[in-house]
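J.: Need coordinates for the below:
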Amino acid sequence: MYSARIELANKVLDSYQKLRRTLCHEMCHVAAWLLDHNAKPPHGPVFKKWAQRAMSRYTDLEVSTCHNYDIHFAYKWRCTWCTHEYGRHSKSIDPTKHRCGKDGCKGPLEYLGKFNPDGSLTTARNPSAYNQFIKENMSTVKKEMPAGTPSKDLMKILSERYRATKGGGTGGKEEEEDESSQVDSTMRKLNLA
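T.: Numbers count the residues shown, from 1 in each chain. Sure, this is the predicted structure:
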């Protein structure tokens, strides 16, 4: 039995045209596998047959074997020797552990910062009092709870403790909505909502 699944990177496919082109490319792989039972070479004659069929049906679409998309990377580093730049979607390069890999350079890397899609440097925002409380107290609550306690339960405990530090609050609807939106925002960031 033959099956296939397409997974796309939403960090790369940030426009309709990129999505359409990439999805069609991946569907040509699926057709080659499911209909012709052929996966190798990945961009060989069978893939090209399906790409040609797709392009004849959708004349405004080009199905190629590789892309040349400009990809926005929020985090950037630069080699201090050869000036080659590295971009990542997360802050995953540690300049104290990683060196430049361009043509065997091995130069030290410097962190350039976090960038907006327009190329401008982002400005750091100070965390809210609620977020600062979560950051400072999460490890303590984790230690108090049984191993494997779901994050949403930890967040509930932390929210209750935060509310208690505020003296129970005034109980006003505005304060509750503000705290609720901060909880929702934090849980979305942790992919818990």
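
J.: show me where the protein has helices.
T.: Assigned by DSSP state H, the chain shows helices spanning 16-34, 45-57, 129-144, 151-165, 173-189.

J.: Just put the ones you listed in TSV and tack on mean pLDDT, distance to Thr80 and mean neighbour count.
T.: Placement of C-beta: from N, CA and C, glycine included. As requested, those are exported to TSV (pLDDT from 0 to 100; distance: least, Cβ to Cβ, whole Å; neighbours: other Cβ atoms under 10 Å):
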stretch	mean pLDDT	distance to Thr80	mean neighbour count
helix 16-34	96	33	17
helix 45-57	97	42	16
helix 129-144	93	31	14
helix 151-165	93	39	15
helix 173-189	54	32	13
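
J.: Of those helices, give the one that comes closest to Arg78.
T.: Closest to Arg78 of the helices of the chain is helix 16-34 (Cβ to Cβ; 26.1 Å).

J.: and the angle for that closest one with helix 45-57?
T.: 130 degrees (axes from the mean of the first three to the mean of the last three Cα atoms, to 10 degrees).

J.: And the protein, what are its domain boundaries?
T.: 1-70, 75-114, 129-189 (automatic domain parsing).

J.: With distance to Leu121 added, can I get those domains in TSV?
T.: Formatted as TSV, the domains of the chain follow (distance: least, Cβ to Cβ, whole Å):
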stretch	distance to Leu121
domain 1-70	18
domain 75-114	5
domain 129-189	21
